[in-house]
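Asks: Next come a sequence and a model predicted from it.
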Amino acid sequence: MSFDASVKLLRKGSTAVVIALALLASSCQVRPLYSESTGVAQNLAAISYSPAGSRVGQQVRNRLIFLTSGGAGEPAKADYEVQLTVASYVTGVLLVESSDTARAGQIVVNGDYTMRRVSDGQVLRTGHRSATSLVDFPVQEFAKLRAIRDAENRAARELAELIRTDLAIALGR
């Protein structure tokens, strides 16, 4: 095969690839998650949440209410209900061998949720999410307790963001 023939074949092949990619890109249906036309923001504001069973659960619940309602609070008459269960635990990761104490740790906050439509009780979404926050343990006991509480609050805020995104995706379908 001559050099000219291979160049022509390469040009035709690259043209075919460009056309195929253009057709593939034109079939993509990307749209904004929070666009006004989908009504996701209004549906998020119509969600009520189950009562919390712990301090960390209350942090997650409060943050979810703020994020989904834009600061307006829970609706008087909700269209959707979310059953939320939150648990957290602390683990030490850097142990000092001589004193058998941890110098650093991680806080893991787990959240299980189920979103139902109030009108017919249909389950729209169930899920499990978790968030991890790292913490340094000071020598003083009160400072250690406060560091753990601050890390739990950070992880609770992150968990609420993750759950809010999942709920928005479910309502946007």
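Replies: That came in fine, so what should we check first? Note that the structure is a prediction, hence the values are computed from the model and not measured. Numbering: from 1, shown residues only.
Asks: where exactly do the strands run in the chain?
Replies: Using DSSP state E, the strands found in the chain span residues 47-49, 80-96, 101-117, 123-136.
Asks: Can you list the strands that the last one pairs with?
Replies: I take that to be strand 123-136. Strand 123-136 sits in its sheet next to strand 101-117 (antiparallel), going by DSSP bridges.
Asks: The second one too?
Replies: With DSSP bridges as the test, strand 80-96 is paired with strand 47-49 (parallel), strand 101-117 (antiparallel).
Asks: Now mean pLDDT too, for these, in JSON lines please.
Replies: Shown next, in JSON lines, are those (pLDDT from 0 to 100):
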{"stretch": "strand 47-49", "mean pLDDT": "92"}
{"stretch": "strand 101-117", "mean pLDDT": "90"}
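Asks: Name the surrounding residues that touch stretch 166-173.
Replies: 33-34, 38, 40, 43-44, 47, 68, 80, 82, 113, 115, 124-125, 127, 129 (C-beta atoms under 8 Å, 6 or more residues apart in numbering). Where C-beta positions appear, they are placed from N, C-alpha and C, glycine not excepted.
Asks: longest helix in the protein, by residue count?
Replies: Longest helix in the chain, counting residues (DSSP state H): helix 141-171.
Asks: one step back: tabulate the strands of the chain in a markdown table, adding columns for mean neighbour count and distance to Ile169.
Replies: Converted to a markdown table, the strands of the chain look like this (neighbours: other C-beta atoms under 10 Å; distance: least, C-beta to C-beta, whole Å):
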| stretch | mean neighbour count | distance to Ile169 |
| --- | --- | --- |
| strand 47-49 | 20 | 14 |
| strand 80-96 | 16 | 14 |
| strand 101-117 | 18 | 11 |
| strand 123-136 | 16 | 8 |
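Asks: now those as TSV including distance to Thr165?
Replies: Listed next are the strands of the chain as TSV, based on distance: least, C-beta to C-beta, whole Å:
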stretch	distance to Thr165
strand 47-49	13
strand 80-96	13
strand 101-117	12
strand 123-136	9
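Asks: Out of these, which is closest to Ser6?
Replies: With C-beta to C-beta as the criterion, Ser6 lies closest to strand 123-136 of the strands of the chain, at 54.1 Å.
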